[in-house]
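**Student:** Have a look; sequence and predicted model below, questions after that.
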Amino acid sequence: MKTNATLLTGLLLTGSLLAPQLYAQTAPGQPNGPEVTALTPGLPPPDFDQPRPERPGGPGRHPGHRPGSREARSPLGQRDGLTALTTVTGTVGQLTGNDDFILNGFTLKSASGTVTTVKFPAHLGQSVQQAVKVGGNVSVTGFSETAPTGENLFRMTSLTAGKTTVLDAPPTVLPTPPATPTMSTVTGKIADYQLDREGRVNGLILSISGDAKTIVRIPSNVVTQLSNLATKGSTITVQGFAKTPHEGQVQLEKAVILRASVLTINGQQYLVR
């Protein structure tokens, strides 16, 4: 009994001595800090286009996974299956674009005066721009849907203007991959903030000498952190990668769109993640 007691005391003492060492080894594995942190020297900017690794069968799915009723949706927000198509006719009003000013729609005024917002994939921009003109007659086949903002839209599947027909076909596969984007550095004053369709800040509009408007894209998760740092009128230096229109796209307004990688505000550098 005395021997067992002595052995038990030795084990408890050994465990108490090893515990602090184990904690010190596992402590660095704690979660990271804020999404905007001081730049670490030598750390390359992140690639925002880098896809996240997916599990077999798609993100969050395992082989043989069958989507439920909420997952069985097409990219346009419609349930998979049959969708009734209708045709609307009228005159073309204003050409519209997305937040990067890439053409992806136009307004259509019917004979009764009803105005419909027609939407199509951005890669069809050049084809649609060549086929239609403001004030010209056009016939559009597609289906109606409601956007998350509550706006009523008409998704185009085909368009006919005179003798020209544009079909909603997939984008052309390029024979060679696009060129690797290069890093750009610009310095300017924050003239304003750009808002998305839901009224949320998604970019900084910089005042820089030249004709082109410069917009800095910032992730939504760092907007709050930048609210006190990047105020209107303050000077900011941005390192980032310029976005260029893809094959078939048309930019309605001349603008330089930078995906922010590193921001310098009041002499302090911040890595954007």
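**Tutor:** Structure received.
**Student:** For the stretch 51-200 of the chain, which segments count as strands?
**Tutor:** Secondary structure of the stretch 51-200 of the chain by DSSP state E, counting those that start in this stretch: the strands cover 86-97, 103-109, 115-119, 137-146, 152-161, 164-167, 183-195.
**Student:** Which neighbouring elements make contact with the third one?
**Tutor:** For strand 115-119, the helices and strands in contact under the criterion 3 or more C-beta pairs under 8 Å, 6 or more residues apart in numbering; DSSP states H and E are strand 86-97, strand 103-109, strand 152-161. For the C-beta atoms, the positions are set from N, CA and C on the backbone; glycine is no exception.
**Student:** Quick one: mean pLDDT over that strand.
**Tutor:** For strand 115-119, mean pLDDT rounds to 95.
**Student:** Each with direction, which strands does that strand pair with?
**Tutor:** Using DSSP bridges, the strands paired with strand 115-119 in its sheet are strand 103-109 (antiparallel), strand 152-161 (parallel).
**Student:** Quick check: which of the ones you listed is buried the most?
**Tutor:** Among these, strand 103-109 has the highest mean neighbour count (mean count of other C-beta atoms under 10 Å), at a mean of 20.
**Student:** who touches it?
**Tutor:** 88, 90-98, 115-122, 125, 128-129, 132, 138, 140, 153-154, 249-252 (C-beta atoms under 8 Å, 6 or more residues apart in numbering).
**Student:** Can you get me a residue count around residue 254?
**Tutor:** Neighbour count for residue 254, taken as other C-beta atoms under 10 Å: 10.
**Student:** Could I get the phi/psi values of it?
**Tutor:** phi -70, psi 120 (degrees, to the nearest 10).
**Student:** can you check residue 225 too?
**Tutor:** Dihedral angles (degrees, to the nearest 10) for residue 225: phi -70, psi -30.
**Student:** Name the nearest residue to residue 127, ignoring sequence neighbours.
**Tutor:** residue 166 (4.8 Å; C-beta to C-beta, 6 or more residues apart in numbering).
**Student:** So what's the residue count around that neighbour?
**Tutor:** Residue 166: 21 neighbours (other C-beta under 10 Å).
**Student:** Tell me what it is bridged to.
**Tutor:** residue 159.
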